[in-house]
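Engineer: Coordinates only, no sequence provided:
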């Protein structure tokens, strides 16, 4: 497979940088420290400025102010990180160019409707009445349940499971091990035994959504679970039934969201956060790692819970004190009372 | 596929409600707010009582006391939530009615024994000496390891993995991505290197157990890992080797249970809880979300750990103080001592 | 399938114990409490010493000092737990002996290179240019992406996914549901929308690595994600892009490690720990369960965060006080100031 390559001048044009005339060939991307003469690099964070001089990179994406610090060729752009992101697409796109093809070993229902230019991997299973739009890729051994709909140019990796009636928009990426549309955790307690509440809703996923490896999104109980446009979900996230995640919200790995919670737009939720059910989280809210969110957040801002890491022996003593904290507070209040009584009217 | 439908009178009879005579047709279930004239709804929580008048639902499951508040037809039952759960089965059961069939692309060992009325999906793999009882469904691309046994009417979704010697009872549901019977995490430290302890036990799962998407249940080291009857496990739960979970215990998503811990019957364990190994948890214990359980719980009750969410800047200050908490406690004690000495014998 | 069995004398020889002459047949391993006359047991922990007398085990691995406490035959070794681990291999190895065979239903690229003695399960999919060394087993329905390389005698279970360009060393074990090489969570925020940074690096995994069920290891952004030799990873662990885990480090289930963090050698990281990105963790560091690691650890030692479980009502009061902790500290400081002023110069 031919590796993609571009001249520096072509890259400048493709990435919207100021014009340069170099026809040096660039074959990949590297960090300032690791890049070779045949690689492009970028300066995103001022902290790494001193690496510019020493970098062997063939060309470097920089802001105008660093134009003269580049040892090789400076590609001057407004935002080097955005330009770097665009460059990764150039060097990736061609690597993954495949001819659309439907594997002979895939099992596709006769009632499924496939557009042109669809790729379906070996042993994939496509259920009844599934609709697959143009440019879609379904990976090997993935299973698409009956009645599901996949939008244009969405890429589903290997070993993904979509249950029935899951609607995925256009230009999404769903990684391996993801499970979308499994039953929400709904049970009624019938005299000590759990009576299953069959989950009759579906899942609706917007456009340009990325869903990480091993992430699970449950179907709704009656209405649908909804993931907005441009949402990005990292690996091993759990999204309960009837959750609604607003457009362009980003959620980091291992976060769990309980049922019926509504998360606003443009939120960033860090890793291993737990969010209780039936809450509302305002647009633009930021939640730090491992926070437990047990109440709604109506004012955007940054929220946290937990304690900070410390040496274990010291932590053990503090943990014991935490369990006495209410009592300690009362003792301080009592002291304040006594001290106030004894100092009032006395000279300080 | 024909959608299931019932007259209101039929539903009353099927759900054990007081007899009504309406032959209005009901085709689904909705919330009080969303239900149409062709849908059934229910009043579970008194909080939603004021929605009864405005609901357009064709019929509503209510307790006798709300009989006259229903705008359309009241279906009077002892427990509307239980009746709702039963109704979901009516509207689901028929949707999912399939003719039992064994896919030609499934790979089934000649030594496997399949009862009548078994459904096996495309590309599923059934190992040597597996026994599958009547009414069982195995989803597409699932793998059932050698010697495993699946009880009557159990439904295994697509992309599930059972290793060898896993025994699953009757009427269970196992969701996609679940892995049952992988090796427990057992290693002996042999002079700095980890020597694998091969896991020779199996897994035994009772009847009416639900196992969520991506949940992993490890096989035992020597004896079996055991899940009792009626246990319900949500998504992405981790159950270590030789764990024993008592009947009818419910565990919410992303909880992790370390090896050899015994959890009692009728417990409810919320999401993202961590339970250390070799502990005993009493019957009827309740644990709140994201709690770390590092000691046995011998008295049933409600248990918690962690701190509550707050604005990040305020949290940072409190977190610093937490690391000084032991010292703060000593300072308060010291103050109490001084104050006591100076106030004794003095008038208050 | 014949169960493996050994005489006690053979076991003594195979496990490096002092020679004994018994030809009693041993067919398995049990705990001191559960072992039958036909099973081997072991005394690892002095706490269980009193069980030695009552044990019905046919032979017991013990240290020399407990030689005379064994009711049946003592197998005297330097470290009974290590000897037990070796014994599990004896009783497991033969149970899992399979004839190497490549399933006719596996789909193997014509450009893949397979050594002799390779086992490939039903419906497995092997991509272009994959290299599989001698003695490797690939489970049913697993997918190995283009350009990946699997070292000698590595065992990959069923339903595992390796993306492209994943290098796995020799003698590794990868459990079901694991996903290796999915895209790292890299996005640039382009005026409120997330622009994907295509992940151009790969994953390199050393020799003798164990990877648990449902664990996800992302590919690097530019450079590779690296797992050292002898690393053991439990189930449902998340390893972000460009993480580097040092040799012989052990990580328990459900821990999440954010991108570009370097974890040293010989660390033990307990379950459900969260480790932020771009940190350095020193060799030999130990982290307790559910700790949030938000700073680098440069001194080896034991580290913790969080609070300890307590009854919920008491916890609620302490949690409220935690949010007032900074204020409480100020009040104590104020009290100290007042008390100091009023007691200075006074007799105590």
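Structural biologist: Okay, I see it. Small disclaimer: the values here were computed from a predicted structure and weren't measured.
Engineer: Grab the most central residue of chain A for me.
Structural biologist: Chain A has residue A:233 as the residue nearest its centroid, 2.9 Å off, counting by Cα atoms, centre = their mean.
Engineer: Looks like that residue contacts residue A:215 (just checking).
Structural biologist: Yes: judged on Cβ atoms under 8 Å, residue A:233 makes contact with residue A:215 at a distance of 5.4 Å. (C-beta placed from N, C-alpha, C; glycine too.)
Engineer: who touches both of these two?
Structural biologist: Overlap between the contact sets of residue A:233 and residue A:215, as judged by Cβ atoms under 8 Å, 6 or more residues apart in numbering or on different chains, is given by residue A:239.
Engineer: picking that back up, what's the distance between the residue nearest to the centre of chain A and residue B:56?
Structural biologist: For residue A:233, the distance to residue B:56 (Cβ to Cβ, to the nearest Å) stands at 35 Å.
Engineer: Next: residue A:344.
Structural biologist: Residue A:344 sits 68 Å away from residue B:56 when distances are taken as Cβ to Cβ.
Engineer: And these two? Which one has more around it.
Structural biologist: Here residue A:344 and residue B:56 are compared on neighbour count by other Cβ atoms under 10 Å in any protein chain shown; more neighbours surround residue B:56, at 16 against 7.
Engineer: mind checking the SS state of the more buried one?
Structural biologist: Using DSSP: H, G, I helix; E, B strand; the rest coil, the secondary structure recorded for residue B:56 is coil.
Engineer: what's near enough to touch it?
Structural biologist: Contacts of residue B:56 were listed using Cβ under 8 Å, 6+ apart, and they are B:35, B:36, B:37, B:71, B:72.
Engineer: Looking at the residues you listed, which one is closest to chain A?
Structural biologist: residue B:35 (8.5 Å; Cβ to the nearest Cβ).
Engineer: can you give me the helices for the stretch 1-150 of chain A?
Structural biologist: With DSSP state H, counting those that start in this stretch applied, the stretch 1-150 of chain A shows helices at A:8-14, A:51-54, A:80-93, listed in chain order.
Engineer: for those, which one sits closest to chain C?
Structural biologist: In terms of Cβ to the nearest Cβ, the element of the helices of the stretch 1-150 of chain A nearest to chain C is helix A:80-93, at 3.6 Å.
Engineer: Buried residues of the closest one, list them for me.
Structural biologist: When burial is assessed from 16 or more other Cβ atoms under 10 Å in any protein chain shown, helix A:80-93 yields the following buried residues: A:80, A:81, A:82, A:83, A:84, A:85, A:86, A:87, A:88, A:90, A:91, A:92.
Engineer: and if you look at stretch A:6-13?
Structural biologist: Buried residues in stretch A:6-13, counted by 16+ other Cβ under 10 Å: A:6, A:7, A:8, A:9, A:10, A:11, A:12.
Engineer: now swap in stretch A:118-136 and tell me
Structural biologist: In stretch A:118-136, residues buried by neighbour count (16+ other Cβ under 10 Å) are A:118-127, A:129-133, A:135-136.
Engineer: Next: stretch A:16-24.
Structural biologist: Taking 16+ other Cβ under 10 Å as the criterion, stretch A:16-24 shows A:17, A:20, A:22, A:24 as buried.
Engineer: quick one on the thing from earlier: pipe the helices of the stretch 1-150 of chain A into JSON lines and attach distance to chain B and mean pLDDT per row.
Structural biologist: Conversion of these to JSON lines gives the following (distance: least, Cβ to the nearest Cβ, whole Å; pLDDT from 0 to 100):
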{"stretch": "helix A:8-14", "distance to chain B": "39", "mean pLDDT": "97"}
{"stretch": "helix A:51-54", "distance to chain B": "31", "mean pLDDT": "91"}
{"stretch": "helix A:80-93", "distance to chain B": "24", "mean pLDDT": "93"}
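Engineer: Just put these in TSV and tack on distance to residue A:323.
Structural biologist: Output for those, formatted as TSV (distance: least, Cβ to Cβ, whole Å):
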stretch	distance to residue A:323
helix A:8-14	60
helix A:51-54	49
helix A:80-93	46
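Engineer: CSV for those, including distance to chain C?
Structural biologist: Below are the helices of the stretch 1-150 of chain A laid out as CSV (distance: least, Cβ to the nearest Cβ, whole Å):
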stretch, distance to chain C
helix A:8-14, 14
helix A:51-54, 14
helix A:80-93, 4
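Engineer: These: which one's closest to residue A:172?
Structural biologist: Comparison of the helices of the stretch 1-150 of chain A against residue A:172 by Cβ to Cβ identifies helix A:80-93 as nearest, at 15.8 Å.
Engineer: Which residues does that closest one contact?
Structural biologist: Counting by Cβ under 8 Å, 6+ apart, helix A:80-93 makes contact with A:4, A:6, A:11, A:14-17, A:28-29, A:40, A:42-44, A:61-63, A:75, A:77, C:187-188, C:190, C:195-200, C:221, all of which sit outside it.
Engineer: Any idea how far it is from the middle of the chain?
Structural biologist: Going by Cα atoms, centre = their mean, to the nearest Å, the spacing between the C-alpha centre of helix A:80-93 and its chain's C-alpha centre is 18 Å.
Engineer: Equivalent analysis for stretch A:321-332, please.
Structural biologist: Mean C-alpha position of stretch A:321-332 versus that of the full chain (Cα atoms, centre = their mean) differs by 40 Å.
Engineer: Return the set of buried residues in that stretch.
Structural biologist: Of all the residues in stretch A:321-332, those buried under the rule 16+ other Cβ under 10 Å are A:321, A:322, A:323, A:325, A:326, A:328, A:329, A:331, A:332.
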